[in-house]
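Q: Starting from these lines, generate the structure:
(one chain, ligands or ions: 1)
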Amino acid sequence: MSDPNRIPSSVIRSLLEVYFIMGSVNCRLDPAEVLTEALGGGITLFQFREKGNGALTGSAKFELAKSLMQLCRAHGVPFIVNDDLDLAIALDADGIHVGQDDAPASMIRRRLGSGKIIGVSAHTLQEVQQAIEDGADYLGVGPVYPTSSKEDAQPVNGTRLIEELRLQGIDIPLVGIGGITLSNAAPVIAAGADGISLISAIAQADQISETARRFLKTVEEGLRHR
Ligand code: 3NM
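A: Now for the predicted structure:
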């Protein structure tokens, strides 16, 4: 029987349109300033991913996460935590995003409860099928294009894997991720993604708010013309 507390796919799909991810190491400016501008530009979902060289840990990580979650709440944008289930629970975040090396979505669901969003990174058809079986709410499929934001990124897939999934009738909400910019975002939506997920194209932009706005416009136009 379907769980009445699960967030409907149609809601998840619209949250995925412009899914901004970042942590302090991705920002040239203060992370709160970056996020405030991105929220002002219309990002639809945010993931706190405090990873890489110089990433904060312990109470500094917790305090940053809490302040960024408050900014998201003020804009009505859900706040997703990357990987760290204890942090997601401690903050009562809106969800968690996990990779292939983390606990399966089914196990996470038991700890988080059914009203939270669980996303999984998937790079092959088999990983996609497993994540669906485990009860993921959405998938991050990538890397679509070459990226320098993830050290252990898998080989680039282009938009091929997304197209293949949709051709096979797999309709779980999903975003393309990896190397997405304003000039290459449209084909990701045309391939069948519900949205795009990005770090550097927004975090490192000279005009963050305007850039986020242009991504939203690109995605919405892409969805209308599909
Ligand atoms: N996951 P940027 S690629 C966090 O393929 C992440 O699963 C990926 O950063 C995957 O937008 C990636 O700067 C990095 O390329 C995305």
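Q: give me the element the closest residue to residue 144 other than its chain neighbours is part of.
A: Among residues not flanking residue 144 along the chain, residue 176 sits closest, at 4.4 Å (Cβ to Cβ, 6 or more residues apart in numbering). C-beta here means a position set from N, CA and C on the backbone, and glycine is covered the same way. Assigned by DSSP states H and E, residue 176 belongs to strand 174-177.
Q: can I assume residue 162 is in contact with residue 176?
A: Yes: at 5.8 Å, residue 162 counts as touching residue 176 under the criterion of Cβ atoms under 8 Å.
Q: Need the residues touching each of these two.
A: Here residue 162 and residue 176 share the contacting residues 141, 144, 188, 191, 193, scored by Cβ atoms under 8 Å, 6 or more residues apart in numbering.
Q: Adding distance to residue 45 as columns, could you present those residues in CSV?
A: Shown next, in CSV, are the shared contacts of residue 162 and residue 176 (distance: Cβ to Cβ, whole Å):
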residue, distance to residue 45
141, 15
144, 17
188, 16
191, 19
193, 13
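Q: I'd like to know which of these are part of strands.
A: residue 141 (DSSP state E).
Q: Compare residue 162 and residue 176 (neighbour count), which wins?
A: residue 176 (33 against 26; other Cβ atoms under 10 Å).
Q: show me what contacts that one?
A: 141, 142, 144, 159, 162, 188, 191, 193, 196, 197.
Q: burial of the second one, as a residue count?
A: Counted by other Cβ under 10 Å, the residues lying close to residue 142 total 28.
Q: Break down this structure into its strands, ranges please.
A: Using DSSP E, strands in the chain cover 18-22, 45-48, 79-82, 95-98, 117-122, 138-141, 174-177, 195-198.
Q: now these in JSON lines, with distance to the ligand?
A: Shown next, in JSON lines, are the strands of the chain (distance: least, Cβ to the nearest ligand atom, whole Å):
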{"stretch": "strand 18-22", "distance to the ligand": "6"}
{"stretch": "strand 45-48", "distance to the ligand": "9"}
{"stretch": "strand 79-82", "distance to the ligand": "8"}
{"stretch": "strand 95-98", "distance to the ligand": "9"}
{"stretch": "strand 117-122", "distance to the ligand": "4"}
{"stretch": "strand 138-141", "distance to the ligand": "5"}
{"stretch": "strand 174-177", "distance to the ligand": "5"}
{"stretch": "strand 195-198", "distance to the ligand": "4"}
